[in-house]
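[1] take this sequence and fold it.
(2 chains)
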Amino acid sequence: MPNLPPGLNRKDFQDAIAQFQMAVGKEWVFTSDEDVALYRDSYSPFWHEPEDPVPSGAVAPDGVEQIQQIVRIANKYKVPLWTVSTGKNLAYGGSAPRLSGSVVLDLKRMNRILEVNDRNHYALVEPGVSYFDLYRYTQEKGLNVFIDAPDPGWGSPVGNTLDRGGGHTPLRDHFATLCGMEVVLANGDVVRTGMGALPNSRTWQQYKYGFGPYVDGIFTQSNYGIVTKMGVWLYPMPEMRITGIVSVPRHDDLIPMVDTLSYLMNSNIVLGTTRVAISLTAQARDAELIALRSKPGGATVPELEDYLQRKKLPYWSIELPFYGPTEVVAAQWAFAKRKFSAIPGVQFRDGASNPLPPSPEDIAKMANPVPLGVPSLAIFSALGPNGQGHIDLSPITPMTGQAVFEVMEVFDKVLKDMGIDNVNVVPAGTYYPRSFFFLFTFPIEHDVEKNRKTRAAFQRLVQVAAEHGWGEYRTHIAFMDDVAKTYSFNNHALLRLHETLKDALDPNGILSPGKSGIWPKHMRKART
Amino acid sequence: MTRPIFPYAVKQMMKPSRRGFLKCGMCACSATALIRPVSPQNPAVPYYKAVFDERFEDACVFATEATARDIPTVAIRGDITSLFFDDLDLRWKQGPVWLTGLTTPSSLFCLDLLARDRGMRLKYYLVKPSVEAVLDVLDGALPRRSMMTHLPTSDPSDLVFWIIAPRARASAQETANA
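    You can find the predicted model right below:
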C-alpha cells in the first residue's frame, strides 16, 4: 500500500496514477512497495526512523511531451513531484524526496546524447545521460574532448551541474560549464535559455547569455522547473597532466603557501583540484605523536614542528596539477617552483606524469583515474567505514592559511565538545575557484541513536560555520532547511525572493517541494 | 570499438586465468575440505557471471566452485568500474541477466544500484556466508525473494554472497532504452 502525498485522498491519488500511466505507459509508473523502496535514500540519516522520506510512487517519462502531460496531471491533483536525473546523488539524498509522499519523476530514460562537438568542445545531453555514457560516446567516436567527472562517475552531467557539483580538472566547477538549457515549467510551458531562445540558433552551446536577464542559475539547486536538455562545455583533450608536490616545514608556512597557491590558481597556471595535506594526519597512530598530544595542554606547535622534523616530514604539502601541452606544463611547474621558493625550507618533488588520453597502463597506476578524465567508481572501494553511508558537511571558506587554521580549530572544538570522533576531514580543497572547500564526512549507520547524534552534530556545525561566515555550498535533503536559514541577510531576503519566484512559477507547489529550503506557499504556513 | 578502461583489473574466467588459477589454487589448498562434489546448478538459473573479489580466499574458492558449475567467473579487487564499463553495461543493453557474486558490501552496493536501472533487483544476500551455505544456494532451490531497502549492516571487509536477478516485470523496452 503506497504512502500518499500529503493532503491527497486515495481516490485522487489513484486517479492521478492512472493518468500518469496513460501518459507514459503503465510499465513506467511504479507504485508497488518493492519498486518504491528503491527510491529511498541509501545513505539516509533517518534509517529505521519515521522521518525517513518515502515516495508514494515514481514515474519515468521518455521525453518532453510526456513531462508536459505529467505536470498538467500533477497540477490537476496537486501531486508533488520530486525530480531526479540518475538518482545517484548519494550523501545528498540519492533519489529520495525532501517531502515524504512525493512522486519521484525519474528521468533516467531520457538518456540521449544529442551532440558532442570536438571543434568547439561541448555536449548537449539529456538528464539520464551518465558520465560513463558520455565517456563511452567520446571514446567510441574518437572525439578530442576531456570529461570532468565527479566522484563517483555514475551520476549525470545534468544532475551534477544542477546541483553545482565539482570535479578535478580544469573544468571542475560544473555550473561554470553550463551553456544553455531546455526547461519544462510547472505549467507545462517549455523554455530554452540563452541562445536557445533564438529559433534556429547556431550557438546555443557556445554563448551562454542570449539576451536579457540570465536565468539559468535559478534552475540550479531549485524547484522552479524540470531541466530536459543541457549544454555543458568540455575541455579540449590536453596533451599532458603532470603534478608537482610542494612541501613546507613549519606550521606558519601555510600562510605564504596558500597565498602562492591562490596566485597560481587565479592566474590559470594551476588548473585542477588539489588540497592542503598535513603530515600529522598520516602519523595519527604513531605512538610518539599520540603521547605528545595526550600530555596536559596538548602538543604545542613547536613540539609538532620538531616531531615532524625528526621524522623528516613536512608540516604541509600540496600536490599541484597542471594540464596542457608538454612544454607548457613543464614551464608552469617551473614557474610555480620559482614562486614557492620564497618560503624558506620549501621542497619540491615531481609527481605523476601522464600523457593524455591516458593509456590503460596509466589508468591502472591510479587509485582513482578521475583526474585523467576517466569516470570511475573506485571511490567506493576507498570509503572504508563510511562505506555503509555518509553525509557530507562542506563549508566554503576563504582561500587563506589563516582560514585553514581557524576552521580546523573551531570545528575540532565543536566535534570534541559533542563527543564526535569518527568524522573524516578533507581540508582545504580547490574544487571551486577562489575559495577553499572543506569536507567533513559523517558516517551513517543502522544505529538510530548514533544517527541522531550525527544529525545533531551536523546541524550544530552548519550553525557554527555560518556564525563564522562559512556557508554550505550544498547539502543533504535532511538539512536543506537548516542551511537555507543560515543565508539570512536582511531578514532572510534571499529566501523570500526564492519563495516569491516559487509562488509565481509554481503556484500549486508541485515541483520538488522543500528543495533547498524552498517550500510552496501552502506548505510554508504549516511549517511555521 | 570501445577501449577497455581497466583491462588489467578484469579477468574473464570461463576457465581461471593462470594467475587466478594459481591464486585460487592456493586458496583451494587451504579450503579443500570445503569443496564438495559438483552437483548440477539449478537449470533455471543461467548465471551470466559469478563475480568474486580475488583478494579473499573464500571468494577464490567460490570462483573455483562456480567454474566447476560452468558459470563464467570474473575477478575484481573491490572496484567494479571495469566490470561495469567493459562488460555489464554493454551486456545489459541487450537485456537483464542473472548475476551472482561473493564480494565486499561496497562492490555489491554499486552493482545493486546499477542493476536496478536496467530491470534487475537484488534477489538474495547472505553476509559472511560459509562456503557450504553458498553452495547450497548455487546447487539448490532459489531462495524466496525478500524485499530489501538497505543493504545489511556489516563490516566493510565482510564478504557478502548475493544474487541479482531480472525483476518480474522487467520489459524489453526497459532495457532497450537503458
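[2] list the helices and strands whichever strand or helix holds A:Ile396 packs on?
    Using DSSP states H and E, A:Ile396 maps to strand A:395-398. When contacts are defined as 3 or more Cβ pairs under 8 Å, 6 or more residues apart in numbering or on different chains; DSSP states H and E, strand A:395-398 packs onto helix A:401-417, strand A:435-443, strand A:471-472. Quick note: C-beta positions are derived from backbone N, CA and C, even for glycine.
[3] surely A:Met480 meets A:Lys515?
    Yes - at 6.8 Å, A:Met480 and A:Lys515 qualify as touching, with contact defined as Cβ atoms under 8 Å.
[4] now do the shared contacts for these two.
    A:Arg98 (Cβ atoms under 8 Å, 6 or more residues apart in numbering or on different chains).
[5] the stretch 51-200 of chain A against chain B: which residues are in contact?
    A:62, A:86, A:88, A:108-109, A:111, A:132, A:136, A:139-140, A:152-154 (Cβ under 8 Å from any Cβ of the partner chain).
[6] which of these are buried?
    A:62, A:86, A:88, A:108-109, A:111, A:132, A:136, A:139, A:152-154 (16 or more other Cβ atoms under 10 Å in any protein chain shown).
[7] tell me the secondary structure for the closest residue to A:Gly101 other than its chain neighbours?
    Nearest residue to A:Gly101 in three dimensions, chain neighbours excluded: A:Pro5, at 4.2 Å (Cβ to Cβ, 6 or more residues apart in numbering or on different chains). Three-state assignment for A:Pro5 (DSSP: H, G, I helix; E, B strand; the rest coil): coil.
[8] next, count neighbours for A:Pro5.
    27 (other Cβ atoms under 10 Å in any protein chain shown).
[9] contacts only, for it.
    A:13, A:56, A:78-80, A:101-103.
[10] also A:Ser262?
    By Cβ under 8 Å, 6+ apart, the neighbours of A:Ser262 are A:399-400, A:434.
[11] just give me the neighbour total for whichever residue of the stretch 401-528 of chain A sits closest to chain B.
    Relative to chain B, the nearest point of the stretch 401-528 of chain A is A:His446 (4.3 Å; Cβ to the nearest Cβ). By other Cβ under 10 Å, 15 other residues sit near A:His446.
[12] phi first, then psi, for it.
    Per-residue torsions, A:His446: phi -90, psi 20 (degrees, to the nearest 10).
[13] ok, back up a step: most neighbours, which of the contacts of A:Ser262?
    A:Met399 (21 neighbours).
[14] that one reaches A:Phe436, doesn't it?
    Yes - the criterion here is Cβ under 8 Å, and A:Met399 meets it with A:Phe436 at 5.0 Å.
[15] what touches both of these two?
    With Cβ under 8 Å, 6+ apart, A:Met399 and A:Phe436 have common neighbours A:428, A:430.
[16] any bit of the top helix by length along chain A sitting next to chain B?
    Ranked by residue count under DSSP state H, the longest helix found in chain A is helix A:448-467. No - legend: contact between helix A:448-467 and chain B by Cβ under 8 Å from any Cβ is lacking; minimum distance shown is 11.4 Å.
[17] residues in contact with residue 121?
    You didn't say which chain, so I picked chain A. Neighbour list for A:His121: A:144-145, A:233-236 [criterion: Cβ under 8 Å, 6+ apart].
[18] actually chain B
    B:Arg121 neighbours (Cβ under 8 Å, 6+ apart): A:34, A:38, B:115, B:145, B:164-167.
[19] got the phi and psi for it?
    According to degrees, to the nearest 10, B:Arg121 has phi -140, psi 150.
[20] just the pLDDT at the residue of chain B found nearest chain A, thanks.
    At 3.5 Å from chain A, B:Gly78 is the closest residue in chain B, using Cβ to the nearest Cβ. Per-residue pLDDT puts B:Gly78 at 92.
[21] not counting sequence-adjacent ones, nearest residue to it?
    A:Ser381 (3.5 Å).
[22] which residue ranges make up each domain of chain A?
    A:10-106, A:113-236, A:240-356, A:486-527 (automatic domain parsing).
[23] what average pLDDT does the longest one get?
    Put plainly, it is domain A:113-236. 97.
[24] how long is that domain end to end?
    18 Å (Cα to Cα, to the nearest Å).
[25] low-confidence ranges in chain B?
    For chain B, applying pLDDT under 70 flags the ranges B:1-44, B:143-156, B:169-178.
[26] try 90 this time
    B:1-46, B:105, B:123, B:130-133, B:135-158, B:167-178 (pLDDT under 90).
[27] A:Asn422 contacts A:Ile444, correct?
    No - A:Asn422 lies out of contact with A:Ile444 (Cβ under 8 Å); the separation is 10.9 Å.
[28] between these two, which has more neighbouring residues?
    A:Ile444 (24 against 13).
[29] list phi and psi for the more buried one.
    Backbone torsions of A:Ile444, given as degrees, to the nearest 10, read phi -110, psi 140.
[30] residues contacting it?
    Shown in contact with A:Ile444 (Cβ under 8 Å, 6+ apart): A:43-45, A:47, A:388-391, A:451, A:454.
[31] flag whichever of those residues scores worst on pLDDT.
    Ranking the contacts of A:Ile444 by pLDDT, A:Gln388 lands last with 69.
[32] doesn't A:Leu320 fall inside a strand?
    Yes - the assignment for A:Leu320 by three-state DSSP puts it in a strand.
[33] let's see stretch B:97-106 as CSV, backbone CA atoms only.
    Extracted in CSV, the C-alpha atoms of stretch B:97-106 (Å, rounded to 0.1, in the frame of the first residue of the first chain):
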residue,chain,number,x,y,z
VAL,B,97,20.7,-11.1,-16.6
TRP,B,98,21.3,-13.2,-13.6
LEU,B,99,24.5,-12.4,-11.6
THR,B,100,25.9,-13.9,-8.5
GLY,B,101,28.9,-13.0,-6.5
LEU,B,102,31.0,-13.1,-3.4
THR,B,103,32.3,-9.6,-2.8
THR,B,104,32.6,-6.8,-0.2
PRO,B,105,29.4,-4.9,0.6
SER,B,106,30.6,-1.8,-1.3
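[34] any part of it near chain A?
    Yes - residues of stretch B:97-106 are located near chain A by Cβ under 8 Å from any Cβ, namely B:104-106.
[35] can you lay out these as TSV showing neighbour count and secondary structure?
    Formatted as TSV, those follow (neighbours: other Cβ atoms under 10 Å in any protein chain shown; DSSP: H, G, I helix; E, B strand; the rest coil):
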residue	neighbour count	secondary structure
B:Thr104	24	coil
B:Pro105	24	helix
B:Ser106	25	helix
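[36] follow-up on the earlier one: residues of the longest helix of chain A that come out buried?
    Within helix A:448-467, judged by 16+ other Cβ under 10 Å, the buried ones are A:451, A:454-455, A:457-462, A:465-466.
[37] try stretch A:519-528
    A:519-520, A:523.
[38] ditto for stretch A:199-211
    A:201, A:204-206, A:208, A:210.
[39] cool, stretch A:315-328 as well?
    Here stretch A:315-328 shows A:315-324 as buried, counting by 16+ other Cβ under 10 Å.
[40] which one of the residues you listed sits closest to chain B?
    A:Tyr323 (19.2 Å).
[41] apart from its neighbours in sequence, what residue is nearest that closest one?
    Residue nearest to A:Tyr323 in three dimensions, not counting chain neighbours: A:Pro238, with 4.3 Å by Cβ to Cβ, 6+ apart.
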